[in-house]
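Trainee: predicted model and sequence follow; I will ask about them next.
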Amino acid sequence: MKKISILLALMVMVGMASTSCKRDTQPRLEQPTEFVLNTPPFASSTLILSEEGTVQLTCTQPNYGPSVVADYTVEVAIEDPTVNPNVPTERISYTNNSAVIEAPASEIAIAMCSLMGAVSEDTADNYDPSVRPVWVRAVASVAGADYSEIASNWVKLEQVQPYFAVPVPGKLWLIGQATGWVIDFPTPEYILYEADDAIGSKIYSGTFPISTEDAALGFRFFLELGNWDNLAVQIGSAESNFWEEHVELDADGVYTGSCFYGQGNWDLMNHPGGNLKMTVDLNTMKVYFEAVD
């Protein structure tokens with residue numbers, strides 16, 4: 001009995017030692033206390049933001065402990081936060097896992113516009129195109145650990161040239177018999193839009209009053225107006241020049257089909273007249289037409 005008890009005790013000790021070893025080999029997350037954003041070499045130059053550009057910022061790695069991978073992003077201010085720490089700030093949505101942060105210039109421009117109060121076409125008058133100083137800082141955190149977030153020091157970029165970077169829904173113009181085949185100026189009542197909560201989705205939708213005759217005499221869509229020859233901005237039933245694709249609504253009043261970058265027209269032969277809902281999905285290159293009340 002004594003030998004059995006000793007054996008059980010040894011087994012327990014071995015198990016505890018094994019558990020202890022496993023714990024010791026896991027990355028241990030410490031609450032960070034040090035985090036520095038370096039002043040970039042362009043800080044005193046004029047930084048011109050563009051939709052395609054990036055702004056490279058480098059920082060030290062917070063002292064989370066060995067083998068801990070952090071996420072990094074950028075916070076922006078257009079008033080001096082070193083004088084007043086309560087000035088409004090905006091955090092960009094971009095993150096990466098490197099202390100070399102390649103922040104999209106477009107997101108910094110969006111943050112600047114938001115801080116100006118220019119957040120939509122309706123508030124565009126608040127946008128100020130002037131070159132101005134901008135303050136940035138890095139923010140680091142570890143997923144799943146709220147206490148891990150730490151912000152760096154603020155760095156002043158002396159001269160930043162913004163641009164109007166307010167996200168607005170994309171447009172697709174309906175051009176056809178119903179609009180007089182006019183492409184030199186927009187017809188506001190015949191525009192398909194992306195949804196407000198799906199900007200950049202490349203899915204456009206709109207509902208328009210169209211007569212039976214106008215639907216049968218054809219239509220297609222334009223991403224831009226003013227140029228009949230630019231096939232890259234025309235969405236039609238085929239690539240061919242002025243191809244006429246005769247289509248019909250099914251028993252439920254719906255038509256679904258393919259679309260192409262090109263000049264083919266849809267001739268909708270059995271539209272009963274009245275409102276026609278149109279959806280164009282440039283991801284799947286499909287169109288959806290539906291007669292609605």
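Mentor: Structure received.

Trainee: all contacts plus neighbour counts: C-alpha atoms, from now on.
Mentor: Will do.

Trainee: ranges for the helices of the stretch 1-150 of the chain?
Mentor: Taking DSSP state H, counting those that start in this stretch to define them, one finds helices in the stretch 1-150 of the chain at 2-25, 105-116.

Trainee: between those helices, which gets the lowest average pLDDT?
Mentor: Here these differ in mean pLDDT, and the lowest is helix 2-25 at a mean of 47.

Trainee: SS state for residue 279?
Mentor: Under the three-state scheme (DSSP: H, G, I helix; E, B strand; the rest coil), residue 279 adopts strand.

Trainee: quick one: it from residue 257, how far?
Mentor: For residue 279, the distance to residue 257 equals 11 Å [C-alpha to C-alpha, to the nearest Å].

Trainee: list residues touching both of these two?
Mentor: By C-alpha atoms under 8 Å, 6 or more residues apart in numbering, residue 279 and residue 257 have these common neighbours: 287, 288.

Trainee: work out for me the element the residue most central in space within the chain sits within.
Mentor: Nearest to the geometric centre of the chain sits residue 200, at 6.5 Å (C-alpha atoms, centre = their mean). Secondary structure assigned from DSSP states H and E places residue 200 in neither a helix nor a strand.

Trainee: quick one: contacts for it?
Mentor: Contacts of residue 200 (C-alpha under 8 Å, 6+ apart): 169, 170, 194.

Trainee: from what I can see residue 99 touches residue 69, true?
Mentor: No: contact criterion C-alpha atoms under 8 Å: residue 99 and residue 69 do not qualify, at 10.3 Å.

Trainee: who's more crowded, those two?
Mentor: residue 99 (19 against 16; other C-alpha atoms under 10 Å).

Trainee: how close does the more buried one sit to residue 70?
Mentor: 9 Å.

Trainee: and if you look at residue 276?
Mentor: Using C-alpha to C-alpha, residue 276 is found at 51 Å from residue 70.

Trainee: and residue 161, by the same measure?
Mentor: 30 Å.

Trainee: neighbour count: these two, which is higher?
Mentor: Neighbour count, other C-alpha under 10 Å: between residue 161 and residue 70, residue 70 has more, with 20 against 16.

Trainee: alright, that wraps it up for me.
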